[in-house]
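[1] what's the 3D shape of this:
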Amino acid sequence: MKEFIETIEKLSKKIQRQINLMEVCGTHTVSIFRHGIRSLIPSNIKLLSGPGCPVCVTPIQDIDRMLYIAKQPNVILTTFGDMMRVPGSDGSLYKAKAEGADVRMVYSPLDALKIAQENKDKKIVFFAVGFETTSPLIAATVAVAEDKKIDNFYIYSVHKLVPPALEVLVNTKELKLDGFILPGHVSTIIGSKPYEFIVSKYKKACVITGFDADDILQAITMLLKQILEDDPRIEIQYKDAVKPEGNPKAIEFINMYFEPFDSNWRGIGVIPKSGLKLKKEYSHRDAEKVFDIPPINSKEPKGCQCGAVLRGVKLPPECPLFGKICTPQNPVGACMVSSEGSCAAYYKYGGN
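    You can find the predicted model right below:
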């Protein structure tokens, strides 16, 4: 660690200006806070946290739709634990469960499929959340449901794709980004090639890295060298897990069952081709098509700055609710719910 810090200090003195680097992985965000990395590096290097938490970027409209579906007769709604606590316009899925809805936390979509097999008289909906990392498992679950003809299993997909969001961020003028610490887990699936536009089109430095303190500090060193040499490129620090081509079988499986569509991100808005929805031949498992969901007037919590935090333009303490009304025990915004959320990490570890 000491070696990387010394190298970073030398490079920062040679660059002699502020450098803005953004990580777009929730695990990186937590690691940066936990190890106090911001306090270890020179003040002219600013680390910004982007929309790296899939729970956090799920719009409140989708939470409200899930609340509607959960309250329908003969429905069992299943999802991962963090989604149970994300507030909608009128409470969370935990609240809906307390009020009598059959809402169940699962650890895998395959658990939801098992529930469908055991409750053939009910409609089982899996609220599918995640980036490219979890998409292959969702696709595999759909494949099993098709093969075993489990006809009462549906998914509501809010899966997001990382590269389209990066293009929005690099075009956000107030950020003035110099480079990206690219996500390790996502990159094990998609590889490095989908990021090439960041270099060819926008001339920004990029490093895919692991999650230990040394990994992140080495990535910062690599980024600073690219910036100093005016030689932006995509480098892979996380070589044990990430290959340029990614995982072709996983990508093929995703493409077999899903297709990109224009998706809404909390705090950012609709990003073209940034989400995954089931292909037409599997639309009979799309909960959005199976249930007649009425228009819902979703409302963001008053004063919540989660959207600005997700874009990297504000730090959590700049939100007037942070640490006062909004805490991990009583989250107002999604960024305080997930352990990978910027607000939750800042609250737990402080601003280092």
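[2] For the stretch 151-300 of the chain, which segments count as helices?
    162-170, 184-190, 196-200, 213-228, 248-257, 287-290 (DSSP state H, counting those that start in this stretch).
[3] any chance of those in CSV, plus mean pLDDT, mean neighbour count and distance to Thr78?
    From N, CA and C alone the C-beta is placed, and that goes for glycine too. Formatted as CSV, the helices of the stretch 151-300 of the chain follow (pLDDT from 0 to 100; neighbours: other CB atoms under 10 Å; distance: least, CB to CB, whole Å):
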stretch, mean pLDDT, mean neighbour count, distance to Thr78
helix 162-170, 97, 20, 25
helix 184-190, 97, 23, 23
helix 196-200, 98, 16, 36
helix 213-228, 98, 22, 34
helix 248-257, 96, 16, 18
helix 287-290, 95, 17, 11
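[4] Tell me which of those helices approaches Asp90 most closely.
    helix 287-290 (19.7 Å; CB to CB).
[5] residues in contact with the closest one?
    Contacts of helix 287-290 from elsewhere in the structure, counted by CB atoms under 8 Å, 6 or more residues apart in numbering, are Arg65, Ile69, Lys123, Val125, Tyr154, Ile155, Tyr156, Ser283, His284.
[6] can you tell me which residues contact the last one?
    It refers to His284. Val290.
[7] re earlier: and the contacts of helix 287-290, which are buried?
    Buried residues within these, counting neighbours by 16 or more other CB atoms under 10 Å: Arg65, Ile69, Lys123, Val125, Tyr154, Ile155, Tyr156.
[8] got a pLDDT number for the spatially closest residue to Glu235 that is not a sequence neighbour?
    Counting by CB to CB, 6 or more residues apart in numbering, Val207 is the residue found nearest to Glu235 once chain neighbours are left out, at 4.9 Å. Listed pLDDT for Val207 reads 98.
[9] before we move on, back to that, determine which two of the buried ones among the contacts of helix 287-290 are furthest apart.
    So, the buried ones among the contacts of helix 287-290 by CB to CB: farthest apart are Arg65 and Lys123, at 14.7 Å.
[10] CA atoms only for stretch 71-87 - export them in PDB, please.
    Taking C-alpha atoms only, stretch 71-87 is exported to PDB below (Å, rounded to 0.1, in the frame of the first residue of the first chain):
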ATOM      1  CA  LYS A  71     -51.300  -6.500  -3.200                       C
ATOM      2  CA  GLN A  72     -53.100  -8.400  -6.000                       C
ATOM      3  CA  PRO A  73     -54.900 -11.600  -5.000                       C
ATOM      4  CA  ASN A  74     -53.200 -15.000  -5.400                       C
ATOM      5  CA  VAL A  75     -49.700 -13.300  -5.900                       C
ATOM      6  CA  ILE A  76     -46.500 -14.100  -4.200                       C
ATOM      7  CA  LEU A  77     -43.900 -11.500  -4.800                       C
ATOM      8  CA  THR A  78     -40.200 -12.500  -4.400                       C
ATOM      9  CA  THR A  79     -37.100 -10.400  -4.400                       C
ATOM     10  CA  PHE A  80     -33.600  -9.900  -2.900                       C
ATOM     11  CA  GLY A  81     -33.400  -8.600   0.700                       C
ATOM     12  CA  ASP A  82     -32.300  -5.000  -0.100                       C
ATOM     13  CA  MET A  83     -35.300  -4.400  -2.300                       C
ATOM     14  CA  MET A  84     -37.700  -5.200   0.600                       C
ATOM     15  CA  ARG A  85     -36.600  -2.000   2.400                       C
ATOM     16  CA  VAL A  86     -36.500   0.500  -0.500                       C
ATOM     17  CA  PRO A  87     -39.200   3.100   0.100                       C
END
